[in-house]
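[1] how would this look folded up:
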Amino acid sequence: YPLSGWKVFNLAITCHNDPLEAFAARPVSHDEVLENFRDIHPRAKAIIHHGKDWKAWVTCDRDPIERWVDGRVVLLGDAAHPMLQYFAQGACQAMEDAVCLSHMLANHDDQSAALDAYRAQRFPRTAQVQLMSRAIGEHVYHPAGDHARIRNAIMSAKSQNEWCDDIAWLYGG
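    Numbering: from 1, shown residues only. Predicted coordinates for the structure are as follows:
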């Protein structure tokens, strides 16, 4: 995606590599990036050749949990519900959390009740987004063999309007 008035681009690529430890912003050589994507289409590989200053991050995922409140401490965003990047909803869900939390605190005299109401309202939606993001990564972005062929058949059978209808719950209200 473009940055700085289309003068700089951020290029992010995803691969499953089962890291043995967590890390963030670890420098990665150009050759290592190319090795992870040696079997991709030449056009995509040509885009990767434009990249420089590569960094690697381990993405975090866990099953949804309902315990976001402990006394006067409340979690929101990735602390409450880390999610994979495939739905591009991490920051969006954190902002929704913040808005919901501010409304609950404004509308409840009892802070404990406000925090419980916040968690109760946000948990179902964030759990759905977490699990859907995981499923999209597994079944849409990274299938192989027969699973990829099935994915392609399903995706090509739907119209643009049908796809929009499928995700209206996320963007429509």
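[2] What residues of the lengthiest helix in the chain count as buried?
    Across the chain, the longest stretch assigned as helix under DSSP state H is helix 111-136. Residues 114-119, 121-123, 125-127, 129-130, 132-134, 136 are the ones in helix 111-136 that count as buried (16 or more other C-beta atoms under 10 Å). For glycine as for every other residue, the C-beta is placed from the backbone atoms N, C-alpha and C.
[3] now for stretch 33-47, what's the gap between its first and last residues?
    One end of stretch 33-47 to the other measures 12 Å (C-alpha to C-alpha, to the nearest Å).
[4] Give me the residues contacting that stretch.
    Contacts with stretch 33-47, where a contact means C-beta atoms under 8 Å, 6 or more residues apart in numbering, come from 11, 13, 15, 17, 48, 49, 51, 54.
[5] same thing with stretch 138-155?
    With C-beta under 8 Å, 6+ apart, stretch 138-155 has contacts from 14, 16, 86.
[6] residue ranges of the helices in the chain, please?
    Counting by DSSP H, one finds helices in the chain at the ranges 30-36, 42-49, 90-107, 111-136, 145-157, 160-166, 168-171.
[7] Direction included, what does the helix or strand bottoming out on mean pLDDT in the chain pair against?
    Ranking every helix and strand in the chain by mean pLDDT, DSSP states H and E puts strand 8-9 at the bottom, with a mean of 82. When sheet partners are counted by DSSP bridges, strand 8-9 sits next to strand 2-3 (antiparallel).
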